[in-house]
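Engineer: Sequence first, then the predicted structure:
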Amino acid sequence: MPEIMIFKEVIDQNSVPFTVFVKNDEGQYINGKWVAGKPIELPMTGIILPLSNDDLKYVESGTYTVKEKKLYTTMPLDIDTQAKYKNDYYTIQAFKDYTEFTDVHIYVMRWREGVDLLD
C-alpha cells in the first residue's frame with residue numbers, strides 16, 4: 001500500500017473560514033409536535049474553489065451550476081451538512097474518497113437559495 005500524502009500544511013496555509021451547521025439533538029415538544037433545537041454553528045477552514053469546466057458537466061445527481069463550489073478540507077463532513085461561506089448557503093452533496101492516498105477530503109458544495117437551515 002502506498003504511503004499517504006499529507007497536504008494538511010497546504011490546506012492550512014491556503015484555507016478560508018466557513019461555517020457548518022450541525023443538527024442539535026436538543027429540542028422540545030410544543031403542542032404535541034417535536035421542535036428541534038437551533039442548529040449548532042461550527043467554524044471550520046478549508047480551500048473553497050469554483051468548479052472546473054469538467055466538474056460543471058452533467059452528473060448523475062443533476063447539473064452543477066457556477067454557484068456550486070469545491071471544498072478541500074482535512075476534516076470529514078457528513079453528506080447533507082449545511083454550510084455558509086461569504087453569506088451564501090450550501091449543502092455538502094458529494095464526496096470524492098481519496099482517503100486511501102491522502103489526508104484531504106474533497107466535497108462539492110451545492111448552492112442553496114434561501115437560508116432555511118437543516119430542512
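Structural biologist: Alright, I've got the coordinates.
Engineer: Every contact and neighbour count from this point should use C-alpha atoms.
Structural biologist: Fine.
Engineer: same for the longest strand seen in the chain, what does it pack against?
Structural biologist: Secondary structure assigned by DSSP state E gives strand 33-50 as the longest strand of the chain. Using 3 or more C-alpha pairs under 8 Å, 6 or more residues apart in numbering; DSSP states H and E, the elements in contact with strand 33-50 are helix 8-14, strand 16-30, strand 69-73.
Engineer: ok now the shortest one, how far from the chain's centre?
Structural biologist: In this view, strand 69-73 has its centroid 7 Å away from the chain centroid, taken as C-alpha atoms, centre = their mean, to the nearest Å.
Engineer: Contacts for that strand, please.
Structural biologist: 11, 45-51, 104-111 (C-alpha atoms under 8 Å, 6 or more residues apart in numbering).
Engineer: Scan those residues and report the most crowded one.
Structural biologist: Compared across the contacts of strand 69-73, Met109 has the highest neighbour count, 30 neighbours, by other C-alpha atoms under 10 Å.
Engineer: Just to check, it is in contact with Glu68?
Structural biologist: Yes: if you go by C-alpha atoms under 8 Å, Met109 and Glu68 touch, sitting 5.6 Å apart.
Engineer: Report the contact partners of the residue of the chain most remote from its centre.
Structural biologist: Distance from the C-alpha centroid of the chain peaks at Asn31, with 34.1 Å (C-alpha atoms, centre = their mean). Contact analysis of Asn31 by C-alpha under 8 Å, 6+ apart lists nothing.
Engineer: Tell me how far it lies from Asn53.
Structural biologist: 50 Å (C-alpha to C-alpha, to the nearest Å).
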